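>>> here are the coordinates; sequence isn't available:
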C-alpha cells in the first residue's frame, strides 16, 4: 500500500516517518522549503522510537506519485485547503482524516468521492524542526469507516499502521471514540485557552467554590448529555480521561492554548463549535460549553 | 472638612486633587518616592479639568495630619492593607470606600469603628505619572450610609465633592447602585479578562450563535436574578449600561484585563467572587457567573 501524508506537523510527521519504514510514502507540505528539506535529509524520529526515514516530499500536489492511502494530517483549520489540493486527483485512493473535533470528513467529501476513513489519534509528538519529530505519547490511533467504506479497508490500514510501529485499532463504529475525544478537547482545550493554564492539576480540583475542576466537570457533563441525545454511547468517560491526564508527571500544553498565545486561528469551530451546534440541533441545553465557545471566539477576535 | 485620600491611583488622584481645591487634603501613598514627588510638585489634573493642586503626602500613616474624611481609594485588593494602616488612628474621621465589588466596608470595619460611607464611582481617569492624572469620564460618584452612619454626614460629603468640581450624589440606600455596578463589572471585567477584548461592540453583538453578546446578556440576567433574591431593586439595568458603553467612541480597557495582561492579582474575589458567594448563600443558580469566576481565578493561577 502506497501512502501519502498531507501536512507534516507533529502528527503528520509521525505517520509519515513510521509508514515509510514499511511502505513507499510521499508527503505533501505547504512550504516548498519544507519539502526540499525532507527530500534531502529524510525525516528523523526520536523519543520512543529512534530512526530516520526516507520520504518523497512535494509542495505541489501535481508532483505527488500515485498512492492508495491519503492521510489528511493537517490541523482542523487546514483541512479545507488540503482537500482542495487533492481534488480531481488520486481516484483510487482511500482518504483518512485524523483531526480534532467533528466535520473533517464532510469537508474532504465536498472535494471528491474517495472512500473515507475516520480517525481519532491520541498519540503525541513535538516537532523540533521540519525534519525531526519527537515521539512523546505512543497512545493509539483509532479508525472507523465513514460513509460506505468497507470495514476490511479500515482493518487493512490499521494493520499497516501497527506494522509500522504505531498503535492503531480498527473499530466498526468510530463515533463513540470521536465523541469522547470531542468532549475532552472542547473542555480541556477551551479552558486552557481561556486561562493560560496547561492541562494540570487545576483541571481536576473540586474543593473550594472557586475551583476550576467544578467547571471542567460541569462542561464534561453537558457534553455527555449532548452525546446521549445524539445516540452515542461514549467509548471513554471524558472526566476520567481528564483526571488521568492531570496525574501524568508533566502537564500537557493543549494546542488551542499554544494557538491563542501565538495569536493564530484556533480549532474552536471544529471542536467547540461542532459540539455547540450539535447541542443546538438536538435541542439540548449546553450553556457552559456555549459560553466557552463564545469566549474562545472572542479571544480570537481580540487579535484578529 | 479635612480630607485624606488613601491610595493615589487614578481614582484616588482625582479625588485628592479636586478636594484639595476646597479643603486641606493629605494623601497616603504606598511608595515613599510617590509621596515625595507629590509634596514637591503637587498633583496635576488634565483632561476635563486643568489645574495643579497642593497636597500633603506621606507613605507612613504616623506622618498624616488629622482629618475628618478618609477616602479609601485603593483597588479592592489593597483595602486590607489600607485599613490596617489606619487602625487605631483618626478616631473622629468618617471613612468612605469606593471600591468595585462588594465587601470593602466589612474589611475596613474589621480594623476600626469609624462611621462608614459606601461609595460607587463611575468617573474614570488615566494616570500619566505619579503626579499627573487625566480626568476622562466625569460620570458621578454615588454615596450612601453604611451601618448607622447618619445620612446628613453622607450629604455633607457629597456636597464637598460637588463643590470641588466632581459629580456626586448622596443616596439613602446605595445597594441598588452598588449592585448595578457589581453585575456590570463582574460581567464586563470578567469577559474582558478572559478574551483580551476591551469593552467594545463584541459585548453587545447578539446575531450568530457564537456571538459574545449572548453570553454577556445571559451573565447579566443571572446577576439580576441574584440581586432580586437579595431583595435589591437595581438602580440601572446592567445590560443597558453595557450597550450604552459599547456605543461610546473609544472602547474602555477594563482594569481586570489590564491586570491579567500585566500578570497582577485582579479584583476577582470582591467582584465575581462576591456575586457568586451571594448566589450560593441565597440558593440562586448562577452557573455562568460561577464559570467566569472560576476561569478568572484559574487565569491568575496561571501566572502565580
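Arrived safely, thanks for sending. Not measured: the values here are computed from a predicted model.

>>> residue ranges in the stretch 51-200 of chain A under the pLDDT threshold?
Within the stretch 51-200 of chain A, no range satisfies pLDDT under 70.

>>> what about the helices in chain A?
A:10-19, A:32-41, A:79-86, A:104-109, A:151-163, A:175-195, A:212-229, A:238-247, A:255-261, A:274-282, A:287-303 (DSSP state H).

>>> will you turn these into TSV that also has distance to residue B:10?
Just so you know, the C-beta spots here come from the backbone N, C-alpha and C atoms, and that holds for glycine as well. Converted to TSV, the helices of chain A look like this (distance: least, C-beta to C-beta, whole Å):
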stretch	distance to residue B:10
helix A:10-19	47
helix A:32-41	50
helix A:79-86	47
helix A:104-109	50
helix A:151-163	61
helix A:175-195	28
helix A:212-229	32
helix A:238-247	41
helix A:255-261	29
helix A:274-282	39
helix A:287-303	23
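
>>> format the ones you listed as TSV; extra columns: mean neighbour count and distance to residue B:72.
Below are the helices of chain A laid out as TSV (neighbours: other C-beta atoms under 10 Å in any protein chain shown; distance: least, C-beta to C-beta, whole Å):
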stretch	mean neighbour count	distance to residue B:72
helix A:10-19	27	53
helix A:32-41	16	59
helix A:79-86	20	56
helix A:104-109	20	56
helix A:151-163	18	66
helix A:175-195	26	31
helix A:212-229	22	31
helix A:238-247	18	41
helix A:255-261	20	37
helix A:274-282	20	44
helix A:287-303	23	33
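
>>> right, so of those helices, which gets closest to residue A:47?
Of all those, it is helix A:10-19 that lies closest to residue A:47, at 9.6 Å by C-beta to C-beta.

>>> now for the closest one, which elements pack on it?
Helices and strands touching helix A:10-19, by 3 or more C-beta pairs under 8 Å, 6 or more residues apart in numbering or on different chains; DSSP states H and E, are strand A:3-6, strand A:25-28, strand A:43-47, strand A:51-53, strand A:124-129, strand A:132-137, helix A:151-163.

>>> now the fourth one: how far from the chain's centre is it?
It refers to strand A:51-53. Averaging C-alpha positions (C-alpha atoms, centre = their mean, to the nearest Å) puts strand A:51-53 23 Å from its chain's average.

>>> just stretch A:288-304 next, same as before
21 Å.

>>> wait, which of the helices and strands packed on helix A:10-19 is closest to residue A:170?
Using C-beta to C-beta, the nearest of the helices and strands packed on helix A:10-19 to residue A:170 is helix A:151-163, at 4.0 Å.

>>> hmm, who's touching that closest one?
A:1, A:3, A:15, A:18-19, A:22-23, A:69, A:94, A:96, A:115, A:117, A:141, A:143-145, A:167-170, A:172 (C-beta atoms under 8 Å, 6 or more residues apart in numbering or on different chains).

>>> starting at the chain centroid, how far to it?
In terms of C-alpha atoms, centre = their mean, the centre of helix A:151-163 is found 18 Å from the chain centre.

>>> which bits of the stretch 151-300 of chain A sit near chain B?
By C-beta under 8 Å from any C-beta of the partner chain, the residues of the stretch 151-300 of chain A that approach chain B are A:191, A:194-197, A:202, A:209-212, A:214-215, A:218, A:273, A:276-277, A:280, A:287-288, A:290-295, A:297-299.

>>> how near is residue A:82 to residue A:160?
Per C-beta to C-beta, to the nearest Å, residue A:82 is found 21 Å from residue A:160.

>>> sorry, wrong one. I was asking about residue A:268.
33 Å.

>>> please apply the same query to residue A:185.
Taken as C-beta to C-beta, the span from residue A:185 to residue A:160 is 26 Å.

>>> next one: residue A:273
Taken as C-beta to C-beta, the span from residue A:273 to residue A:160 is 33 Å.

>>> ok, residue A:26 next?
Look at residue A:26 and residue A:160: by C-beta to C-beta, they are 15 Å apart.

>>> about what we covered before: so which of the helices of chain A is nearest residue A:63?
Between residue A:63 and the helices of chain A, the tightest spacing by C-beta to C-beta is seen for helix A:32-41, at 8.6 Å.

>>> got the contact list for that closest one?
A:8, A:27, A:29, A:52, A:55-59, A:130-131.

>>> can you do 7 Å?
Residues outside helix A:32-41 that contact it (C-beta atoms under 7 Å, 6 or more residues apart in numbering or on different chains) are A:8, A:27, A:29, A:55-59, A:130-131.

>>> what separates stretch A:135-151 from the chain centre, distance-wise?
Relative to its chain's centre, stretch A:135-151 lies at 11 Å (C-alpha atoms, centre = their mean).

>>> and stretch A:67-85, by the same measure?
12 Å.

>>> what's the end-to-end length of it?
14 Å (C-alpha to C-alpha, to the nearest Å).

>>> give me the contacts around that stretch.
For stretch A:67-85, the surrounding residues in contact (C-beta under 7 Å, 6+ apart) are A:1-7, A:9, A:11-12, A:15, A:26, A:28, A:61, A:86, A:90, A:92-101, A:104, A:107-108, A:111, A:157, A:265, A:267, A:270.

>>> stretch A:5-25 now?
Here stretch A:5-25 makes contact (C-beta under 7 Å, 6+ apart) with A:1-3, A:27-29, A:34, A:43, A:45, A:51, A:53-55, A:70-75, A:78, A:82, A:98, A:121, A:123, A:125-127, A:133, A:135, A:160, A:163-166.

>>> narrow these to those that are buried.
When the contacts of stretch A:5-25 are checked for burial by 16 or more other C-beta atoms under 10 Å in any protein chain shown, the buried set is A:3, A:27-29, A:34, A:43, A:45, A:53, A:55, A:70-75, A:78, A:82, A:98, A:121, A:123, A:125, A:127, A:133, A:135, A:160, A:164-166.

>>> tell me the domain boundaries of chain A?
Using automatic domain parsing, the domain ranges for chain A come out as A:3-170, A:175-301.

>>> start to end distance for the first one?
Using C-alpha to C-alpha, the span of domain A:3-170 from its first residue to its last is 18 Å.
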